[in-house]
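A.B. asks: Give me coordinates for this.
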Amino acid sequence: MFLTSSAHGLRFAFGTLTVLPVRVERWDRETARGGMLWAPLVGVVVGGCAGAVGLVLLFLGTGAQLAAVASVAVPALLTRGLHLDGLADTADGLGSGKPAEDALRIMKQSDIGPFGVITLLFALLAQIAALSRLYDDSWARGFLAALVSAVAARLALTLAARAGVPAARPEGLGAAVASVVPVRSAVAVAVGTVVAAGAAGALLGVGDAVRTAGAVLAALGLASLLLRRCVRRFGGVTGDVFGGLAETAATTALVVLTLGL
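C.D. replies: Numbers count the residues shown, from 1 in each chain. Sure thing, here's the model as predicted:
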């Protein structure tokens, strides 16, 4: 029974958070809970692919900047750009100054407003600049950064799906995963992920272990502040908010990983 539920949760995680050809067979809240708990593992796969592509280009002699661009492009491709779109829509909603209902309507529109464009531009520039610096310093640090930032992004989703965080709308992916993860389970996954990130960083040295664990913690901290703001502003979370949280966490982790190099 547990193995079956776990398998459905894995399918839910990969089927909803990536473009990988995984069929989601169940959409009940138990499956959604499992999917959100497995979200960091999705980050391992996405980040590993991003880092691998970056390394291939780096070893082919393209240089750190193109390797960084590729490492940023891969997660966007593997998610159909939904997280980036969510970041832009969330920025438009927060920046609109409209009441919650009107702000949610703005977020649901297909176009992107000025707040979204500016936020998207600076987030992508920050990600590319940080990864370029890391690849230039060491191929291993660049790969690790691509991996850790992707994991931190998905871990932010796990925490955002914890009990007590309401949905802003009665429909959509946000409603499907809102409040499905018990707080204790979310904390346990977060602690385990931070420890694993630190252990991965330790392969490069003590300083890298501290910096890597700190990057995940900083990513979760900033994502939590954004989550709190969105809940107060919109009345809860939406699919766009989840995307915005993921990109915020990824960008924060990458910037922190460049500190002290």
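A.B. asks: Downstream of the helix or strand where residue 53 lies, the next helix or strand is which one?
C.D. replies: Using DSSP states H and E, residue 53 falls within helix 39-59. Going down the chain from helix 39-59, the next helix or strand is helix 64-78, by DSSP H and E.
A.B. asks: Buried residues in that next one, which are they?
C.D. replies: Across helix 64-78, burial judged by 16 or more other Cβ atoms under 10 Å covers 64-76, 78. C-beta: built from backbone N, CA, C; applies to glycine.
A.B. asks: do the same with stretch 102-121
C.D. replies: Buried residues in stretch 102-121, counted by 16+ other Cβ under 10 Å: 103-104, 106-107, 113, 115-116, 119-120.
A.B. asks: quick revisit: just the buried residues of helix 64-78 now: which is nearest residue 132?
C.D. replies: Within the set of the buried residues of helix 64-78, residue 68 lies nearest residue 132; the separation is 4.0 Å, counting by Cβ to Cβ.
A.B. asks: From residue 13, how far out is that closest one?
C.D. replies: As judged by Cβ to Cβ, to the nearest Å, residue 68 and residue 13 stand 27 Å apart.
A.B. asks: Report how many residues lie close to the residue nearest to residue 116 when sequence neighbours are not counted.
C.D. replies: Nearest in space to residue 116, with sequence neighbours left out and distances taken as Cβ to Cβ, 6 or more residues apart in numbering, is residue 88 at 3.2 Å. Residue 88 has 27 neighbouring residues, counting by other Cβ atoms under 10 Å.
A.B. asks: now swap in residue 195 and tell me
C.D. replies: A count of neighbours around residue 195, defined by other Cβ under 10 Å, yields 12.
A.B. asks: Next up, the contacts around residue 42.
C.D. replies: By Cβ atoms under 8 Å, 6 or more residues apart in numbering, the contact list for residue 42 reads 13-14, 17-18, 154.
A.B. asks: Pick out the most distant pair among these.
C.D. replies: Using Cβ to Cβ, the pair of the contacts of residue 42 lying farthest apart is 14 and 154, separated by 10.9 Å.
A.B. asks: Which of the three states applies to residue 164?
C.D. replies: coil (DSSP: H, G, I helix; E, B strand; the rest coil).
A.B. asks: How about it: what's its closest non-neighbour residue?
C.D. replies: In this structure, residue 164 finds its nearest non-sequential neighbour in residue 179, 6.4 Å apart by Cβ to Cβ, 6+ apart.
A.B. asks: Next, give phi and psi for the one you found.
C.D. replies: Torsion angles at residue 179 (phi, psi; degrees, to the nearest 10) stand at phi 60, psi 20.
A.B. asks: ok, it to residue 85 distance?
C.D. replies: As judged by Cβ to Cβ, residue 179 and residue 85 stand 23 Å apart.
A.B. asks: With residue 211 instead?
C.D. replies: Using Cβ to Cβ, we find residue 211 at a distance of 30 Å from residue 85.
A.B. asks: okay, those two: which has more neighbours?
C.D. replies: Neighbour totals were compared for residue 211 and residue 85, and residue 211 leads with 25 against 21 (other Cβ under 10 Å).
A.B. asks: I'd say the more buried one and residue 258 touch.
C.D. replies: No - contact status for residue 211 versus residue 258: not in contact, 9.1 Å apart, counting by Cβ atoms under 8 Å.
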